[in-house]
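> Take a look and give me a structure for this.
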Amino acid sequence: MTLPLLTGRRPAVVTIDLHRGHLDPAVATMPLPADAAARVTKANAEFLHEVRRREVPVVHVVTSYRSVAEIASNPWWAAVADTDASRAGVLRHQLPGSPGLELMPEVYDEDYDLVVTGKKRYDCFAATDLDHVLRSRSLDTLLLTGVNTNSCVLATTVAANTRDYAPVVVEDCVDTMDRQAHEAALTVIRQAFGWVAPAGEVLEAL
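Residues are numbered from 1 along each chain as shown. As a prediction, this is how the structure comes out:
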């Protein structure tokens, strides 16, 4: 589906887990491949620079847990921990004191951006105040970027759709640990939940 002009809409960029826990190979507990991490970080930095120039709000959502128990209460995550699954490191992911909790410095402007912390599950709306942040500012269109395409990005797009936001996934600003599932996730989104478009097309639509 062609991306409509966003004139008259009230968009915000919502970034998903652009933190060192995925994107900094030196400390990541669930890392993207190094080339993908560098590519998606650079793409987001460039896109966010342009949307800030257009005075579009930027909201970063960051996963964090108080304890291993908060992670392990998810039965599937507990089952795949320390196996050969891509999420084998899940019980060590985003724990207190971890450098992985920090946003990648290239994507964060502390004087402009908002940060929503405490994300516990794939859906950025679950157990966070993201919905309040958006609705209190009358924002109705979400330009979604981040990690992972086939889990957090997909789940958040579905959740945004069911809450009657207009979700737009910025295609070159998302990526995943599960490379074989990236395009499949984008196909699912296009078919049923929202728009998928490259950063250049999104900027033109603004």
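> Give me the contact list for the lengthiest strand in the chain.
Using DSSP state E to define each element, the chain has its longest strand at strand 166-175. Here strand 166-175 makes contact (Cβ atoms under 8 Å, 6 or more residues apart in numbering) with 3, 9, 11, 13, 32, 36-37, 39-40, 43-44, 47, 140-149, 153, 156-157, 160-161, 182, 186, 189, 193-199, 202. (Glycine included, C-beta is placed from N, CA and C.)
> So which of the residues you listed are in strands?
11, 13, 141-147, 195-197.
> Go ahead and confirm Leu144 touches Ala155.
No: if you go by Cβ atoms under 8 Å, Leu144 and Ala155 don't touch, sitting 10.8 Å apart.
> between the two, who's got more neighbours?
Higher neighbour count among Leu144 and Ala155: Leu144, with 28 against 19, using other Cβ atoms under 10 Å.
> which ones are touching that one?
Residues in contact with Leu144, defined by Cβ under 8 Å, 6+ apart, are 13-16, 153, 156-157, 160, 167-170, 174.
> Same question for Asp123.
Counted by Cβ under 8 Å, 6+ apart, Asp123 has contacts 152, 155-156, 158-159.
> quick check, nearest of these to Val51?
Proximity of the contacts of Asp123 to Val51 (Cβ to Cβ) peaks at Thr156, which lies at 17.8 Å.
> gap between the closest residue to that closest one other than its chain neighbours and Val174?
Spatial nearest neighbour of Thr156, chain neighbours left out: Cys124 (4.3 Å); criterion: Cβ to Cβ, 6 or more residues apart in numbering. Distance, Cys124 to Val174, by Cβ to Cβ, to the nearest Å: 13 Å.
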